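Novice: Below are the sequence and a predicted model; questions follow.
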Amino acid sequence: MKKVSILGATGSIGTSTIDVLNRYPEKFAVRAVTAYSNVQKLADAAKKTNAEVAVIGDAKLFGELQEALNARQLKTIAKAGEKAIVEEAADPDAEIVVGAIVGAAGIASTFASAKAGKRLLLANKESVVCGGRLLMDTIKAHGAQLLPVDSEHNAVFQCLESASEKMRQSHRIILTASGGPFRKRMDLSTVTVEEATHHPNWSMGKKITVDSATLMNKGLEVIEARWLFDTPEDRIDVVVHPQSIIHSMVQYEDGVVLAQLGAPDMRNTIAYCLGYPERLNAGVKPLDFSSIHGLTFEKPDTKRFPQLAYAYEALRRGGCSCIMLNAVNEIAVENFLKGKIRFIDIPKICEVMMLSASEHAPKSLEDVLEADKEARILTQEYISGYT
Ligand code: NDP
Ligand code: MG
């Protein structure tokens, strides 16, 4: 029996993780479930998983959480505060930690799990984007293991698995992108929040859905791939594949390409990581090739979606550029969702703000968090004067 903690248990990835875990009650037990403010959903998650601990990030909601757990007649221990989430990420009782918090809010807990030598099933791409080399070194130094939940990186992981050290040296990564809801829309100046929060193929949280619409998500994934697989950015390509059936590919020295295919359902990649090196069945309907009428590919349009190009630029610039781009994007998306800026303002703000990133690479987790905090303050100030 392996013990699992789910950070971000109330979100899209967290909920899918609970679905998969509930198919294998003989293999897994749940130590902790966490959320930021959704008390009722957190208490439901505790009930579904019979979790030992439930942590709510917003410390003011401690009493409410205790009531919600009591109302469900659970013995689950209530905890509160961001520090308590980070503590759970490193608790010796959990062997596996699922990192499914959204945004840079997940950085501290990802580092805590890495330092505690956990098997870390990481969906929170922002912590790889911001932690970069420092995070990968921390994982190595503490004997932790990172298994990528992000479907593209999970695909690359699978395509690289059988490669020898020599084969790996010359690999190229080809990340696939659905192209998002506006792949064919020429005028993006009138995009509404409603339109930007509906993805054609995947059902996900709001922030990542907007990132998919701007192609920032693919940009963050290029940065994520750079660190996860130690692949320089000039050996990472992106191709638009609107059907989202090929999840990503690896090309070797001889030009041969290995691809991983599957239904666009995150339960598959979560099950892969939970079971590794065994394969677990997530209960997702397998692909039916008789109903697939073609797999198509296009070049991404970085004129309409410059965020993808900014990610490559941030990698080339180094220093704190990736942390800056990530933070600026998060604040811009938040403002877009609140109706304060337009969809087309998101890349414009990123382009301007990226230039103010420090050229010194972070040397510690504190440096990463400080750079993220500063970037957020600067961006919010800029946006306040912008509108
Ligand atoms: P959701 O918005 O659906 O869920 C986010 C989770 O994080 C919720 O449990 C939320 O709690 C919690 N949370 C939010 N803010 C904080 C905070 N400040 N401190 C602690 N916890 C917080 O996101 P997704 O599940 O869509 O995405 C999660 C991560 O996985 C993201 O990094 C995303 O990029 C990545 N990912 C997601 C995919 C998907 O299919 N959804 C695919 C690939 C990667 P509460 O409910 O209380 O707000
Ligand atoms: Mg992805």
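Specialist: Happy to help now that I have it. Ligands and ions are numbered 1, 2, ... in the order given.

Novice: near ligand 1, which residues of the stretch 51-200 of the chain show up?
Specialist: Taking Cβ under 6 Å from any ligand atom, the part of the stretch 51-200 of the chain that reaches ligand 1 is made up of 57, 85, 100, 101, 102, 105, 123, 124, 125, 126, 150. Every residue, glycine included, has its C-beta placed from N, CA and C.

Novice: Sort out for me which of those are in helices.
Specialist: Among these, DSSP state H puts 85, 125, 126 in helices.

Novice: Most neighbours among those residues, which one is it?
Specialist: residue 126 (29 neighbours; other Cβ atoms under 10 Å).

Novice: What residues does residue 243 make contact with?
Specialist: 201, 292, 294, 295, 296 (Cβ atoms under 8 Å, 6 or more residues apart in numbering).

Novice: related to what we said a few turns ago, output the ones in helices among the residues of the stretch 51-200 of the chain next to ligand 1 in CSV; the columns should cover pLDDT.
Specialist: Listed next are these as CSV, based on pLDDT from 0 to 100:
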residue, pLDDT
85, 98
125, 98
126, 97
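
Novice: which among these gets closest to residue 280?
Specialist: residue 125 (22.7 Å; Cβ to Cβ).

Novice: quick one: the closest one and residue 225 touch, right?
Specialist: No - using Cβ atoms under 8 Å, residue 125 is not in contact with residue 225, being 9.8 Å away.

Novice: Tabulate the ones in helices among the residues of the stretch 51-200 of the chain next to ligand 1 (CSV), appending distance to residue 386.
Specialist: Formatted as CSV, those follow (distance: Cβ to Cβ, whole Å):
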residue, distance to residue 386
85, 33
125, 27
126, 23
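
Novice: For residue 302, state which of those is nearest.
Specialist: residue 125 (19.8 Å).

Novice: which non-adjacent residue is nearest the closest one?
Specialist: residue 224 (4.7 Å; Cβ to Cβ, 6 or more residues apart in numbering).

Novice: that's a helix at the one you found, yeah?
Specialist: Yes - with DSSP: H, G, I helix; E, B strand; the rest coil as the criterion, residue 224 is assigned to a helix.

Novice: neighbour-wise, which of the residues of the stretch 51-200 of the chain next to ligand 1 leads?
Specialist: Neighbour counts for these, by other Cβ under 10 Å, peak at residue 123, which reaches 32 neighbours.

Novice: Run through the residues that contact that one.
Specialist: Residue 123 neighbours (Cβ under 8 Å, 6+ apart): 8, 13, 98, 99, 100, 149, 150, 266.

Novice: 10 Å instead?
Specialist: Contact analysis of residue 123 by Cβ atoms under 10 Å, 6 or more residues apart in numbering lists 7-8, 11-14, 16-17, 98-102, 106, 148-151, 153-154, 205, 208, 266, 269-270, 273.
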